[in-house]
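Peer 1: Need coordinates for the following:
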Amino acid sequence: MIFRSVVPGWLRLLALLPSVVMVSSACSPALNWREVRAGSGDSRILFPCKPTLEDRKLLLAGMALPMRMYACQAEGAIYALAWADTAERANVSPVLETWTNAQVKNLNAETHLLDPFPVHVGRQTKPAGHQFLKGRLPDGSAVQQEAVFFASGTRVVRAMVMAPHVNREAASIFFESLNWSE
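Peer 2: Numbers count the residues shown, from 1 in each chain. Presented below is the predicted three-dimensional model:
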């Protein structure tokens, strides 16, 4: 003899709802990677969150430079890609050096230079500067920053991840995805 359940079908489905919610939330990625086009031409990078675009003036090496920056926050970390045009190739090195030193100073940081990072620029792969900083924010809280920086023509470019503790795996995905067109 086969027994039929007297519990309605919709009630059985409702009983399964907490399990379905738990499984689906475990499957949704904490970092929602998406491709973003930046700069001019076909430059692109993967961000783990939806970035906003900001325009600012940046004072570097005695020059006020217009800077564009995509940035977003995910899992307590800030991911950013910024670039500025120095107008002349002779300005590139002083601007990159000033920008890098300003980051160290702003975070009152201890600097660790890492092995050059291969970045796709145009049709080539170029070694980019790569640094890891440990410092403090103005409120005194500890912070880390990993950054990759390079020049392309007269433009200077800086990609960085900043957090109380940088997720090095996510930072690698971010940096490795950078393709900058000249």
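Peer 1: hang on, W83 in a strand?
Peer 2: Yes - if the criterion is DSSP: H, G, I helix; E, B strand; the rest coil, then W83 is within a strand.
Peer 1: Tell me which residues touch the residue nearest to A77 when sequence neighbours are not counted, please.
Peer 2: Closest residue to A77 apart from its sequence neighbours, by CB to CB, 6 or more residues apart in numbering: A163 at 3.5 Å. Backbone N, C-alpha and C define where each C-beta goes, glycine included. When the contact criterion is CB atoms under 8 Å, 6 or more residues apart in numbering, the partners of A163 are 75-78, 143-144.
Peer 1: Using a markdown table, please lay out the residues you listed together with neighbour count, distance to F175 and secondary structure.
Peer 2: As requested, those are exported to a markdown table (neighbours: other CB atoms under 10 Å; distance: CB to CB, whole Å; DSSP: H, G, I helix; E, B strand; the rest coil):
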| residue | neighbour count | distance to F175 | secondary structure |
| --- | --- | --- | --- |
| E75 | 12 | 17 | coil |
| G76 | 10 | 19 | coil |
| A77 | 23 | 13 | strand |
| I78 | 15 | 14 | strand |
| V143 | 19 | 18 | strand |
| Q144 | 20 | 15 | strand |
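Peer 1: And these, which two are furthest apart?
Peer 2: E75 and V143 (14.5 Å; CB to CB).
Peer 1: Can you report how many residues neighbour the closest residue to G39 other than its chain neighbours?
Peer 2: Leaving out its chain neighbours, the residue that sits closest to G39 by CB to CB, 6+ apart is W83, at 5.6 Å. Look at W83: counted by other CB atoms under 10 Å, it has 22 neighbours.
Peer 1: Settle this for me: W83 is touching T154, isn't it.
Peer 2: No - shown here, W83 and T154 do not form a contact pair, counting by CB atoms under 8 Å, at 10.7 Å.
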